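[1] sequence first, then the predicted structure, then my questions.
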Amino acid sequence: MKTLRVGLLGLGQIGAGFYSLLASKRDFFRREIGISIDLVKVAVRNKDKKRKKSVPKSLLTENAFEVVRDPSVDVVVELIGGIREAKALIGEALTRGKHVVTANKALLAEAGDEIFDLADRKKRWIFFEASVGGGIPVIKALREGLVANRIESIYSIINGTSNYILTRMTEDKSDFREALREAQEKGYAEADPTLDIEGIDAAHKLAILLRFAFCGNVRFKDIYCEGISRIRSEDIAFAHEFGYRVKLLAIAKASKEGIEARVQPTLLPESHILANVNGAFNAVLIRGDQVGDVLLYGKGAGPAPTASAVMSDLIDIAMREAGRLNEEALPMRAIRRPLKIKNISSILSRYYLRFHVVDRPGVLAKIAQVLGKHRISISDCVQKERSAGNVVPLILLTHGAHERDVRNAIRRIDRLDAVSGHSQVIRIEQ
Ligand code: HSE
C-alpha cells in the first residue's frame with residue numbers, strides 16, 4: 001500500500017470540501033487503488049472556529065509554515081488562495097522536497113515561471129487541475145489526452161460568476177446590479193466581485209491554459225482583459241434581436257503573427273454551443289489539428305467539484321511515487337519558450353456598436369462617415385423609436401475590422417455633439 005502524507009493549507013469552503021471528500025473516499029482509494037491518503041496536518045486561521053464538519057483539534061495549527069516544514073508531510077495541498085502568502089508557502093514546501101497540489105490560478109498566472117522552475121530544480125511535482133474549470137479535467141486533457149494535436153484555438157467560459165450574471169440578465173431581463181446581487185446571495189460572487197466581473201479570474205485561468213495548449217511561457221500582463229461590468233441589459237436585448245447572446249469568453253487563437261489571448265464580453269450566435277452554456281457552468285471548447293473540436297463542460301467552482309480535481313492530482317502523485325505511472329507526455333520542463341502574444345490593437349474581428357444619439361437628420365450619416373474613413377464596413381443597423389429626451393439607441397454591426405481602426409473611430413464618434421455618453425463596443429465571434 002502506497003501512503004501519501006498530506007499537509008493541507010486552508011479549511012475554508014474548498015478546504016472543507018476536500019476534507020469531506022477524503023473522509024468519505026479514503027477507504028475506497030485504499031481498497032480499489034492501493035493508495036492511502038493520510039491527512040497529517042491542517043493549517044487554519046482560527047483553531048477554535050465552529051465548523052460544519054468537525055476536524056480533530058490535534059490536526060490543526062494556526063502556523064501554516066508548520067505544515068510545509070513538517071518532515072512527515074509528502075505533499076502540501078494549498079487551498080488558501082491569494083498570491084503573497086501562498087507563494088511563500090509553496091516555495092518553502094518545494095524547497096523542502098515536498099510535492100504540491102494547488103487550486104491557485106492567480107499565483108500560477110502571475111508567478112508561474114518562478115514556481116514551475118523551482119519545482120523543476122527540486123524535482124518535485126506541482127499539480128493544479130483545480131485551478132482552471134474546477135472539476136473539469138482540462139489540464140489533463142491538454143497535457144495528456146490531446147498531446148498529438150497542435151492546438152488551434154480555445155474558446156472558453158471559465159468564470160462561473162460572470163456566466164451566471166449574464167444568464168440572469170438574459171433570462172430575467174434584470175440589470176447588471178440586480179444580477180450581481182443575486183449572484184452574491186447565491187454565494188457565486190464575492191463581497192468584492194472585482195476579480196470575477198472585471199475578467200481577471202478568467203484571464204488568470206486563460207494564462208494557465210495558454211501555457212499548456214501552446215507549450216510556452218506567457219506574461220500575464222500580455223493577456224487582454226475586459227470584464228462584464230459595462231454590459232447593459234439593452235445590449236443583451238439588442239444582441240438577441242440580431243440572433244446573438246452575450247458571453248464572457250476567454251479566447252486563445254494561434255495565428256502566424258502570434259497568439260491572440262483575450263478575455264472579453266462576446267456576441268455569439270444563439271446556435272453556438274457555448275451560447276447555450278448557462279448559469280454558473282463552465283465550458284472549454286478546444287480545437288486540435290487532429291481531433292477537431294472537443295468540448296469539456298461542467299461545474300467550474302464549488303467545494304465538491306474543486307475537491308474532485310485536487311484528489312485526482314493527489315492520486316496522480318501517489319501513482320508516480322509508487323512507480324505506477326511514467327512522466328506525463330508534456331512535462332513542465334518542456335515549457336520554456338516565450339509565447340508571442342498578439343497585441344489586441346492588431347486583431348481582426350466583427351463588432352457590435354451601440355450609440356446613444358440625438359434623433360435628428362444627418363446623425364446616422366455622420367457616424368457612418370467616421371466608420372467609413374476608418375475602413376469599417378457596416379453589415380447591419382437598427383435604430384429604436386424616439387424616446388423621452390430625444391436620445392435613442394443606434395446599433396450597428398460591422399464586417400471584419402481592425403481593433404485599432406475601431407478604437408480610433410469610436411473616439412471620434414464619442415466626440416460628436418449628437419452622441420451622448422460612452423459608446424458600447426463588443427466583439428462578435430462566429
Ligand atoms: N470565482 C470563480 C468563478 C470560481 O466564478 O468561476 C473560482 O475560480
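    Arrived safely, thanks for sending. Residues are numbered from 1 along each chain as shown.
[2] secondary structure element for residue 94?
    Using DSSP states H and E, residue 94 falls within helix 84-95.
[3] what comes into contact with the helix or strand just after that helix?
    Per DSSP H and E, the first helix or strand lying C-terminal to helix 84-95 is strand 99-102. Identification of contacts with strand 99-102 by C-beta atoms under 8 Å, 6 or more residues apart in numbering yields 74-79, 86, 90, 93-94, 108, 119, 124-128, 130-131, 310, 313-314, 317. Any C-beta I mention is one placed from the backbone N, CA and C, and that applies to glycine too.
[4] mind listing the strands strand 99-102 pairs with, and their directions?
    strand 75-78 (parallel), strand 126-127 (parallel) (DSSP bridges).
[5] tell me the secondary structure for the residue nearest to the spatial centre of the chain?
    For the chain, the residue lying nearest the average C-alpha position, counting by C-alpha atoms, centre = their mean, turns out to be residue 202 (2.7 Å). Residue 202 falls in the helix class when you classify it by DSSP: H, G, I helix; E, B strand; the rest coil.
[6] isn't it up against residue 250?
    Yes. With contact defined as C-beta atoms under 8 Å, residue 202 and residue 250 form a contacting pair (4.6 Å).
[7] overlap in contacts of the two?
    With contacts defined as C-beta under 8 Å, 6+ apart, the residues adjacent to both residue 202 and residue 250 are 156, 158, 159, 263.
[8] which among the contacts of strand 99-102 count as buried?
    74-79, 86, 90, 93-94, 108, 119, 124-128, 130-131, 310, 313-314, 317 (16 or more other C-beta atoms under 10 Å).
[9] show me where this structure has helices.
    Secondary structure of the chain (DSSP state H): helices at 13-28, 64-69, 84-95, 105-121, 138-140, 160-171, 176-185, 194-197, 200-213, 233-241, 303-321, 363-373, 403-414.
[10] which elements pack onto the fifth one?
    Other helices and strands packing on helix 138-140, by 3 or more C-beta pairs under 8 Å, 6 or more residues apart in numbering; DSSP states H and E, are helix 200-213.
[11] ok and the helix it packs on relative to helix 105-121, angle-wise?
    Relative orientation of helix 200-213 and helix 105-121, computed by axes from the mean of the first three to the mean of the last three C-alpha atoms, to 10 degrees: 30 degrees.
[12] returning to that earlier point: which elements pack onto the helix holding residue 94?
    Going by 3+ C-beta pairs under 8 Å, 6+ apart, helix 84-95 lies up against strand 2-9, helix 64-69, strand 75-78, strand 99-102, helix 105-121.
[13] how far out from the middle of the chain is the third one?
    I take that to be strand 75-78. Chain-centre distance of strand 75-78: 22 Å, with C-alpha atoms, centre = their mean, to the nearest Å.
[14] kindly export that strand (C-alpha atoms) in CSV.
    The C-alpha trace of strand 75-78 is given here as CSV (Å, rounded to 0.1, in the frame of the first residue of the first chain):
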residue,chain,number,x,y,z
VAL,A,75,2.5,16.6,-0.3
VAL,A,76,1.2,20.1,0.5
VAL,A,77,-2.3,20.9,-0.7
GLU,A,78,-2.6,24.7,-0.9
